[in-house]
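Visitor: All I have is the shape, not the residue letters:
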């Protein structure tokens, strides 16, 4: 799956969020300029101002941004965001939603997706099936130290800490709200899991026997470079859903009842 628009020379271009903002603004400016010119011409030569219903204007914005995003080969889900975003604004305008609602939504979203723009890693909670599969794949018969990078609300780390009380299970999360929730939950559950707020790039992977990641395709190349440079021989790198392009995994686990996979690399 693509995560960044590509330039003609094949190099990565703008980040999707930046490109999306530019697309929306560019289409809006073109539509406003076109409408102004049509009104000037119709008034001068036809004697009346051409008017367009607001809904039609917004629909044009949606269709044109979708088309431009497709031409630029943005991922399919970004294209649909382009299409529905102007329509959602129009609906909220008609509903006259209080401004406090938008402020609250912005603050919650900012807390959840604090780092998404820079890291290209959205908020992806794991499921029980994933946690069970990871637990079965952990090295047995000895204490281990494991890090869950992008630990979110802490479910994976707390689950494994309960099953493996002899081991050191840690989670690291950059977004403030998920990290805070994980810390509070760990306190309430008396979990042995340890949660740190920060960027996993600041860690030394040589300190861990297992590194688990549920990130995004955009983050996988950098993760692999760090893992290859720092992880010790026979330690284990796990990635849920996302492969590392150009590096064949040691094993691929098909999760029961889902279409998703767990990819494993045993470091050599």
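Guide: Nice, thanks for sending it over. Being a predicted model, the structure only gives us computed values, none of them experimental.

Visitor: How are the helices of the stretch 51-200 of the chain distributed by residue range?
Guide: 54-71, 76-95, 99-112, 116-119, 128-137, 155-163, 176-188 (DSSP state H, counting those that start in this stretch).

Visitor: Which positions within stretch 26-35 qualify as buried?
Guide: Buried residues in stretch 26-35, defined by neighbour count with 16 or more other C-beta atoms under 10 Å: 27, 31. All C-beta atoms are positioned from the backbone trio N, CA, C, and that covers glycine.

Visitor: Look at residue 203 and say how many residues are nearby.
Guide: Neighbours of residue 203 under the rule other C-beta atoms under 10 Å: 18.

Visitor: sorry, back to before: dump the helices of the stretch 51-200 of the chain into a markdown table; add mean pLDDT and distance to residue 204 as well.
Guide: As requested, those are arranged in a markdown table below (pLDDT from 0 to 100; distance: least, C-beta to C-beta, whole Å):
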| stretch | mean pLDDT | distance to residue 204 |
| --- | --- | --- |
| helix 54-71 | 92 | 40 |
| helix 76-95 | 84 | 34 |
| helix 99-112 | 61 | 28 |
| helix 116-119 | 48 | 19 |
| helix 128-137 | 93 | 22 |
| helix 155-163 | 95 | 18 |
| helix 176-188 | 90 | 20 |
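
Visitor: Just put those helices in TSV and tack on mean neighbour count and distance to residue 214.
Guide: Below are those laid out as TSV (neighbours: other C-beta atoms under 10 Å; distance: least, C-beta to C-beta, whole Å):
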stretch	mean neighbour count	distance to residue 214
helix 54-71	17	26
helix 76-95	15	17
helix 99-112	11	15
helix 116-119	15	13
helix 128-137	16	8
helix 155-163	22	8
helix 176-188	17	12
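
Visitor: Which residue ranges make up the domains of the chain?
Guide: Segmentation of the chain into domains, based on automatic domain parsing, reads 1-96, 128-266.

Visitor: And those domains, which one averages the lowest pLDDT?
Guide: For those, mean pLDDT drops lowest on domain 1-96, to a mean of 79.

Visitor: Just checking the distance from that one to the centre of its chain.
Guide: 23 Å (C-alpha atoms, centre = their mean, to the nearest Å).

Visitor: before we move on, the earlier item: nearest to residue 46, out of the helices of the stretch 51-200 of the chain?
Guide: When those are compared by C-beta to C-beta, helix 54-71 sits nearest residue 46, at 19.2 Å.

Visitor: what's that closest one packed up against?
Guide: helix 16-41, helix 76-95 (3 or more C-beta pairs under 8 Å, 6 or more residues apart in numbering; DSSP states H and E).

Visitor: what's next to the last one, contact-wise?
Guide: The set of residues external to helix 76-95 that reach it, using C-beta atoms under 8 Å, 6 or more residues apart in numbering, is 16, 20, 23-24, 54-55, 58-59, 61-63, 65-66, 68-70, 74.

Visitor: what do you get if the cut-off is 7 Å, keeping everything else the same?
Guide: 16, 20, 23, 55, 58, 61-62, 65-66, 69-70 (C-beta atoms under 7 Å, 6 or more residues apart in numbering).

Visitor: Quick one: the residues you listed as JSON lines, columns for distance to residue 219 too.
Guide: Listed next are the contacts of helix 76-95 as JSON lines, based on distance: C-beta to C-beta, whole Å:
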{"residue": "16", "distance to residue 219": "13"}
{"residue": "20", "distance to residue 219": "19"}
{"residue": "23", "distance to residue 219": "23"}
{"residue": "55", "distance to residue 219": "39"}
{"residue": "58", "distance to residue 219": "34"}
{"residue": "61", "distance to residue 219": "31"}
{"residue": "62", "distance to residue 219": "30"}
{"residue": "65", "distance to residue 219": "26"}
{"residue": "66", "distance to residue 219": "26"}
{"residue": "69", "distance to residue 219": "22"}
{"residue": "70", "distance to residue 219": "25"}
